[in-house]
Each structure stands twice: as C-alpha cells, then as structure tokens.
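Q: sharing a model prediction with you, sequence too.
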Amino acid sequence: MLVPYDALLQLPSATMNNLIKEYLLTQVEDGSFSDTDEQVYISAIERCKQLLKQEVLVVEFSEDDESIAIKHKEHLSR
C-alpha cells in the first residue's frame with residue numbers, strides 16, 4: 001500500500017528524516033555515511049524530499065511484514 005505524500009507531511013520531521021536516512025543508507029555501498037561530508041548528507045535528504053513530493057520516490061507500507069520503506073516508483077512490488 002502506498003502512503004500518500006500528504007500523509008507524509010503529517011509525520012514528525014524526525015520520523016521523516018529517519019525514514020529518508022534508512023533509504024539513503026541502502027543506496028551507498030558500505031551502508032554508512034561515515035566518510036561523507038555533512039552538507040552532502042543534508043543535500044541528499046532534501047533531494048529525497050523533493051523526489052517524494054514529485055512522486056519519483058514513494059513510501060510503501062507492506063501489510064505482510066508491517067514494514068515501511070521508500071522506493072523508486074519503478075521498483076514497486078506488484
């Protein structure tokens with residue numbers, strides 16, 4: 001089930017940022033931002049927020065395992 005963007009806006013900012021951080025960690029090879037400049041990390045979070053607003057990235061809730069994740073629209077499970 002997709003979570004509408006308007007519903008995401010109701011989340012506390014810390015929750016939204018943690019969800020984005022989890023997504024970003026899946027996108028880097030070593031699974032960490034330890035060698036990444038803080039400004040690059042902040043920019044990546046803002047870029048994710050823009051992509052969510054544009055619905056290029058979406059938030060999917062899996063009822064099967066009760067998990068939530070950001071995914072690229074093209075990678076949604078059918």
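A: That came in fine, so what should we check first?

Q: list the contacts for L52?
A: Y5, L8, V58, V59, I70 (Cβ atoms under 8 Å, 6 or more residues apart in numbering). For every residue, glycine as well, the C-beta is placed using N, CA and C.

Q: what residues sit buried inside the helix or strand hosting the third one?
A: In this structure, V58 sits in strand 57-62 according to DSSP states H and E. Within strand 57-62, the residues that qualify as buried by neighbour count (16 or more other Cβ atoms under 10 Å) are L57, V58, V59, E60.

Q: contacting residues around the nearest residue to the third one once chain neighbours are set aside?
A: Which is V59. Distance criterion Cβ to Cβ, 6 or more residues apart in numbering; nearest residue to V59, sequence neighbours excluded, is V3 at 4.1 Å. By Cβ under 8 Å, 6+ apart, the residues touching V3 are V58, V59, E60, F61, I68.

Q: the second one touches S67, doesn't it?
A: So the one you mean is V59. No. Checked against Cβ atoms under 8 Å, the pair V59 and S67 is beyond contact range at 11.0 Å.

Q: which residues in the protein form strands?
A: Secondary structure of the chain by DSSP state E: the strands cover 2-3, 57-62, 67-72.

Q: which one of those lies closest to V28?
A: strand 67-72 (14.2 Å; Cβ to Cβ).

Q: which strands and helices sit next to that closest one?
A: Strand 67-72 is packed against helix 13-27, strand 57-62, with contacts defined by 3 or more Cβ pairs under 8 Å, 6 or more residues apart in numbering; DSSP states H and E.

Q: which ones are touching the residue nearest the centre of the chain?
A: The residue lying closest to the centre of the chain (Cα atoms, centre = their mean) is I20, at 3.4 Å. Contact analysis of I20 by Cβ under 8 Å, 6+ apart lists I45, C48, K49, I70.

Q: mind listing what the last one touches?
A: Taking Cβ under 8 Å, 6+ apart as the definition of contact, the neighbours of I70 are L19, I20, E22, Y23, C48, L52, L57, V58, V59, E60.

Q: how about the closest residue to it other than its chain neighbours, what does it touch?
A: Among residues not flanking I70 along the chain, Y23 sits closest, at 3.8 Å (Cβ to Cβ, 6+ apart). Y23 makes contacts with C48, L57, A69, I70, as judged by Cβ under 8 Å, 6+ apart.
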